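Asks: Predicted structure and sequence below. I'll ask about it afterward.
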Amino acid sequence: MSAQLLERLSNKMEKQLIFNETKLKQQLKMAAQRFQMMSNKKLALVKGQKIEIARLLAEKPAKEEKALIRAEHLIREENEVEAYDIIQLECEILVERAKLIQCNKKCPPDLESCVSTLIWASSRVDVSELMQIRKQFRAKYGRKFENNALMNTNGVVNGKVFAKLSLETPSDYVMQTCLENISEERKVDWKPSHQLRKENDFKSSSVSPITRAMPVEHVTIY
């Protein structure tokens, strides 16, 4: 199929896409429920991971390297829970403001971050309702608005959600601090073999062999 034909088909489908307030509210409510369930599920996983990390640190000698690897996954899970809670709240806000969205041709300034965050998150989190919400906002505000959200133009996406769903690997310092917090919380007699300072917080361009070996995966919900 030629590029021109694909473009014509895409334009035709774009014209057929019509904003529907009722459908938007339904999808927003369903998405909020999904994020609540996912947060609860991940919180249970986080609790189990902390117990396992504490067990590794309590062994003699402590299995620090394995604990660090698990700490990276734990940090990602906790970050996702924080992001999900914010997205859930934004879904609930937009449900209440759906009538305002319907009545205004342009996105109200105080809702631009909420709307943009949901559009951006649709490409980071495997939640089908977000894709439907994204289509509704594309129909309402156009593809340029959608692209600006996806590219986080001018930092329009909620800063905390953007950071928490980042694919950047946690630094050695952050992971070591995570282990220290768990050992203190679980009353495990453990100290790191090499104490890191915050100023040595490695960025993604300068990570340890342990960190570099860890694959960076897209956020996926099971």
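Replies: Looks like it arrived, so ask away.

Asks: Pull the number of nearby residues for the residue lying closest to residue 79 once chain neighbours are set aside.
Replies: Leaving aside its chain neighbours, residue 79 sits nearest to residue 164 (4.1 Å; criterion: Cβ to Cβ, 6 or more residues apart in numbering). To be clear about C-beta, it is placed using only N, CA and C from the backbone, and glycine gets the same treatment. Around residue 164 sit 21 other residues, with neighbours defined as other Cβ atoms under 10 Å.

Asks: Check the gap between residue 164 and residue 53 for me.
Replies: Per Cβ to Cβ, to the nearest Å, residue 164 is found 20 Å from residue 53.

Asks: got the contact list for the most centrally placed residue in the chain?
Replies: By Cα atoms, centre = their mean, the chain has its centre lying nearest to residue 165, at 3.1 Å. The contact partners of residue 165, by Cβ atoms under 8 Å, 6 or more residues apart in numbering, come to 79, 80, 83, 121, 124, 125, 219.

Asks: Max pairwise distance over those: which two?
Replies: Spatial extent of these (Cβ to Cβ) is set by the pair 79 and 121 at 13.1 Å.

Asks: Compare those two (neighbour count), which wins?
Replies: When residue 79 and residue 121 are compared for neighbours, residue 121 comes out ahead with 27 against 18, by other Cβ under 10 Å.

Asks: Test my guess that that one contacts residue 130.
Replies: Yes - here residue 121 reaches residue 130: they are 6.0 Å apart, a contact under Cβ atoms under 8 Å.

Asks: Now do the contacts for residue 160.
Replies: Neighbouring residues of residue 160 by Cβ under 8 Å, 6+ apart: 82, 83, 86.

Asks: Could you pull up phi and psi at it?
Replies: Main-chain dihedrals, residue 160, degrees, to the nearest 10: phi -70, psi -40.

Asks: Next one: it from residue 85, what distance?
Replies: 10 Å.

Asks: now residue 138
Replies: For residue 138, the distance to residue 85 - Cβ to Cβ - is 26 Å.

Asks: Could you check which of the two is surrounded by more residues?
Replies: residue 138 (19 against 16).

Asks: in what helix or strand does the more buried one lie?
Replies: helix 128-141 (DSSP states H and E).

Asks: Give me the mean pLDDT for that helix.
Replies: Mean per-residue pLDDT for helix 128-141: 96.

Asks: quick one: the longest helix along the chain to helix 128-141, angle?
Replies: Ranked by number of residues, the top helix in the chain under DSSP state H is helix 21-58. Using axes from the mean of the first three to the mean of the last three Cα atoms, to 10 degrees, the inter-axis angle of helix 21-58 relative to helix 128-141 is 140 degrees.

Asks: Next secondary structure after helix 21-58?
Replies: helix 64-96.

Asks: Can you give me every residue that contacts the nearest residue to residue 18 once chain neighbours are set aside?
Replies: Using Cβ to Cβ, 6+ apart and skipping the chain neighbours, the partner closest in space to residue 18 is residue 139 (5.8 Å). Residue 139 makes contact with 17, 18, 19 under the criterion Cβ under 8 Å, 6+ apart.
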